[in-house]
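J.: for reference, the sequence and a predicted model appear below.
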Amino acid sequence: MSRKILALVLMLGFAATCARGEDDETSTAPEGRVVPLRVQVVFTRLLAEKKVSSYPYTVNVAAAEARHGQRSSSLRMGIQVPLSVRADVNQPATVMFKDVGTNLDCMATVLDAGRFRLDLSLEQGSLAAGGWEAISSTPVLRTFRSSSSLFLSDGQTSRYVAATDPVSGEVLQVDVTLNVVK
């Protein structure tokens, strides 16, 4: 029984040492090392330089060396909006539901020199506000989609994307912050 406890203590000590990076003199990830990361993605909407809204989302992801396979994290947050659909004006309307909200997929790879590659795929759908009532009696949905890679170090924040809604003029900024979980 004491050998099992000793083996467990040694394994836990080794895992803690690896997580702190003490076995890494050259700051290159050792073979098969997995680094736990916390990634925060903040969607901020601006209208004429005034902040309209800001929504933060946080996911944990395990970063590994590319040759050891990537691990991913996903987040889905939203609602389903009922939409009235009519194939013919003489037919009764049917109701279908459309997902509206935020979808976030993140994969991370350990690079050298304490850097990480984040592969992000983002989608955000929302109900468009203001002025649409005159055009349509059903909700108008706005969608933003993006996929890209970022190269970040522990504690670093980067502007992932900034895009302008062509109808409302609202600017969507997406900022990403990476932290190594210690």
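T.: Thanks, I have it. Keep in mind that what you see is a predicted model, and the values were worked out from it rather than measured.
J.: where exactly do the helices run in this structure?
T.: 2-20 (DSSP state H).
J.: in the sheet, who's paired with the one residue sitting closest to the centre of it?
T.: By C-alpha atoms, centre = their mean, the chain has its centre lying nearest to L104, at 3.9 Å. L104 has these beta-bridge partners by DSSP bridges: L75, L122.
J.: for it, give me the pLDDT.
T.: For L104, the model assigns a pLDDT of 96.
J.: and what of E65?
T.: 81.
J.: that one: how many residues sit nearby?
T.: 19 (other C-beta atoms under 10 Å). Placement of C-beta: from N, CA and C, glycine included.
J.: and the gap between it and V110?
T.: 5 Å (C-beta to C-beta, to the nearest Å).
J.: do the same with A63
T.: Counting by C-beta to C-beta - A63 and V110 are separated by 5 Å.
J.: what do you get for R142?
T.: 36 Å.
J.: mind checking which of A63 and V110 has more residues around it?
T.: A63 (24 against 21).
J.: wait, what's in contact with the residue nearest to the centre of the chain?
T.: V41, Y57, V59, S74, L75, R76, L120, S121, L122, E123 (C-beta atoms under 8 Å, 6 or more residues apart in numbering).
J.: could you do Q80 as well?
T.: Neighbouring residues of Q80 by C-beta under 8 Å, 6+ apart: F97, K98, D99, V100.
J.: switch to 6 Å and redo it
T.: F97, D99 (C-beta atoms under 6 Å, 6 or more residues apart in numbering).
J.: D154 now?
T.: Going by C-beta under 6 Å, 6+ apart, the list of residues near D154 reads V180.
J.: could you do the one 4 residues further on as well?
T.: By C-beta under 6 Å, 6+ apart, the contact set of S158 is L150, V176.
J.: and the gap between it and A62?
T.: Counting by C-beta to C-beta, the gap from S158 to A62 is 20 Å.
J.: then S84?
T.: Distance, S84 to A62, by C-beta to C-beta: 44 Å.
J.: out of those two, which sits in the more crowded spot?
T.: A62 (16 against 12).
J.: that one contacts V35, correct?
T.: No: in terms of C-beta atoms under 6 Å, A62 does not count as a neighbour of V35; the distance is 7.2 Å.
J.: give me the neighbour count for the closest residue to R76 other than its chain neighbours.
T.: Nearest in space to R76, with sequence neighbours left out and distances taken as C-beta to C-beta, 6 or more residues apart in numbering, is N103 at 5.5 Å. Neighbourhood size, N103 [other C-beta under 10 Å]: 16.
J.: T157 too?
T.: So T157, with other C-beta under 10 Å, has 13 neighbours.
J.: go on, G169?
T.: 10.
J.: go on, K182?
T.: 9.
J.: thinking again about what came up before, just the buried residues from the contacts of L104, in PyMOL please.
T.: Filtering these down to the buried ones (16 or more other C-beta atoms under 10 Å) takes a single PyMOL command:
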select buried, resi 41+57+59+75+120+122+123
